[in-house]
Structures are given as structure tokens and as C-alpha cells.
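>>> Fold the following.
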Amino acid sequence: MMNLKSLTRSDRVWQTTLLFFALMLAWSGVKDHEVFLAGLTGESGPVSPLAWQIDSLGRIPWLSALIRFCLVGLNLFLIYTMVRRYELIDSLSIFPIFFYILFSACYSPAYSANSALVASVLTEVACINLFDCYQTNNCRIQVFNVFFFTSLAALLMPALLLILPLLWLSFNWINTLTFNRFIASLTGILTVAWLIGGLCFLTGQWPLLLDCLRRLPDYFDFQTRTSWQEILFLSVCLLVFIVAVLYRLNKFYSEKNSVRGYLSFLVFTWFVLIVMSLLFSPLKHECLTLSVMPWCIMTGHFFDANDNWASRLLLLLLFSTGFFFFFSRFLI
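Predicted structure coming up:
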């Protein structure tokens, strides 16, 4: 019987997955175009004025799909770089990339906004700089970059401002948050604030910034409409992640200290983003877009280390529910 590692390297599996991914891009491009034309008012979107400017490219379906393809490719490159550079998985595994494409192919709502993909790229760059701080005495530049890129992502998703205090708390898994590093983090945040404030001053667009801040309380909304097909697929994804985390806890001390710190930070990041998707239901899909990075790495970490009947059954369940959810949306 073919093992899991051979399965993910199988041409047929990759061809099928990429075909679903291409269909997702085409389908979401057409749907975004219809939604954009139906709601074309010239006002900023529900996330932020900058995000609205990026997502307004939906008026041209093929251009929006092309940009989305490039952004997903950039996310894949950064995830692969992260896995290789910090040895998050023992072998040269392609599982994280495979699961990222699988999720993006099956769950198109998480990739309906190009601005969320840009925010995902920025948070991954911030994560790489954070991991570079491990056991490094002089890492103020990396700390500055972490909070600078996270603050840039917050321009697209203002709710990410809540993550900044959590970064100070979780930083101790990677290194010690000294006073100098804390000042460097504040400098990174203030640099973005100074840049956006300067641009608003030069262009006279202060109302846009104030409007963005006024909308923050509107994100708190627990009322969300979710189909049972979506609940089924996301529940299976949650199950796979929980199993991966439990496996990691069971093998916690068999991994290197650095990998333990990195994976702990990824699990914490995923948990925060999932809580945000529940608290801020208007931003549910954007938060899920950002949560795919830790999900695919942890899922890849689990399936790379386990090849038995239980893991194969779990992978089959993930495949079947994902494709079922895809077709349930595609045929509507």
C-alpha cells in the first residue's frame, strides 16, 4: 500500500489538488466580480480603506484571480522557507505546502479578499523575523521588523492591533523581552503610525483614518450565518489540528528546544486567530486566511511523523469533507 509521503508526491494527487485550486480561483473571481458590481458605492469596505482599495480590483475578474494566485504563491514560498530554515519538520517534507493548497482549493471563502492574503504575507514575514530572534543577543532589528510588519498588516485588518500585546507575552517563548527590545517593538509600531499619519496629513484624508478606527467596535458580532457544509469541513480541520497538537505534546521533549518554542508560538497564534474569528464574525474569513499558516505547518508536522491506519483515515476524512464543501459551493 502506498504510504502517505509517497501519496503527497504522487502526480495524480497534485494534479487533482491544483485543478481544484484553479477552479477555486476562477469561481471566486467571477463571484467577487458579481458582488463588487452589486455593491459598488465608492465607500470603503468593512475592513479598512486600504483593504478596500486592494479588494476593489475585483471589478476585473481575471486580474483579481491573477493577483490572488501570485499572493498564494508568495505565501507558499514563505511557509516553505520557514519550514526549511528553522527545521520545523525533520525531513524535507512538502506536507505544509500540500495542505495549504488543499485548504485554499476547498475553502474558497478564506481567499475571497486579496487584502487578507497581503496581511497573511506580512504576518509570515513578521514570524520569520521573530524566529530569527531565537537565542540571539542583538536582535533589536528583528524585533523592530516583527512589530513593523504586524502593524502594516493591521492597516488591512485593524483587529490585528489586539495581537500586538499578545506578541509581547508570547515573545518569551523565543527570547527574553528586555527593555531595549520593548523599545524597539514600540519604535516599529510608531513608525507605521507615523507613516500612515504623514500620508493622511499630506493627502488630507484624516476622515478615512478616523472612520477606520470608529468601525473597530462594529467588528464585535457573534451573529454569523454558516452552512452546515462549512461547519463540517472546518470541524474536520479543527479535529486534525487538535490531533496534531496532542501528538506534539506527547513528543514534546523529543524535539529540539528551538522547534518546541517555534511550534508553541504557532499553536498560540492559531488559537488567537480562531478566537478572533469567533469574536469578530465580519472578519471570520480574513482571520481564517491568516490561521492557515500555523494550521498547515502543524498538520504537516503530524502527517510527516505518522503513517498508520488512523492517520490515513484522518487524511481521507479531510479530503472527502473538503471536496464535498467545494462542490456544495460550486454548484450553488
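
>>> Would you list the phi and psi of Phe280?
With angles defined as degrees, to the nearest 10, Phe280 sits at phi -110, psi 80.

>>> low-confidence ranges in the stretch 1-150 of the chain?
Along the stretch 1-150 of the chain, segments meeting pLDDT under 70 span 1-3, 5, 7-14, 25-49, 52-53, 56-61, 91-92.

>>> Name the residues of stretch 159-168 that are buried.
For stretch 159-168, burial by neighbour count (16 or more other CB atoms under 10 Å) applies to Ala159, Leu160, Leu161, Leu162, Ile163, Leu164, Leu167. The way it works is simple: take the backbone N, C-alpha and C, and place the C-beta from them, glycine included.

>>> Checking the residue positioned nearest the centre of the chain next. Helix, strand or coil?
By CA atoms, centre = their mean, the chain has its centre lying nearest to Leu290, at 1.8 Å. When classified by DSSP: H, G, I helix; E, B strand; the rest coil, Leu290 comes out as helix.

>>> My understanding was that it contacts Ala116; is that so?
Yes - here Leu290 lies in contact with Ala116, judged by CB atoms under 8 Å, at a distance of 7.1 Å.

>>> shared neighbours, these two?
Counting by CB atoms under 8 Å, 6 or more residues apart in numbering, the common neighbours of Leu290 and Ala116 are Met157.

>>> Distance check, the residue nearest to the centre of the chain against Leu266.
Distance, Leu290 to Leu266, by CB to CB, to the nearest Å: 12 Å.

>>> how about the nearest residue to Leu155 once chain neighbours are set aside, what does it touch?
Spatial nearest neighbour of Leu155, chain neighbours left out: Leu50 (5.2 Å); criterion: CB to CB, 6 or more residues apart in numbering. By CB under 8 Å, 6+ apart, the residues touching Leu50 are Ser115, Leu155, Leu156.

>>> Throw these into JSON lines and include neighbour count and secondary structure, thanks.
Formatted as JSON lines, the contacts of Leu50 follow (neighbours: other CB atoms under 10 Å; DSSP: H, G, I helix; E, B strand; the rest coil):
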{"residue": "Ser115", "neighbour count": "25", "secondary structure": "helix"}
{"residue": "Leu155", "neighbour count": "24", "secondary structure": "helix"}
{"residue": "Leu156", "neighbour count": "26", "secondary structure": "helix"}
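
>>> What is the nearest of those to Leu122?
Ranked by distance to Leu122 (CB to CB), the contacts of Leu50 are led by Leu156 at 7.9 Å.

>>> The stretch 101-250 of the chain: helices as residue ranges?
All helices of the stretch 101-250 of the chain, identified by DSSP state H, counting those that start in this stretch, fall at 114-131, 140-156, 163-170, 179-203, 206-214, 228-250.
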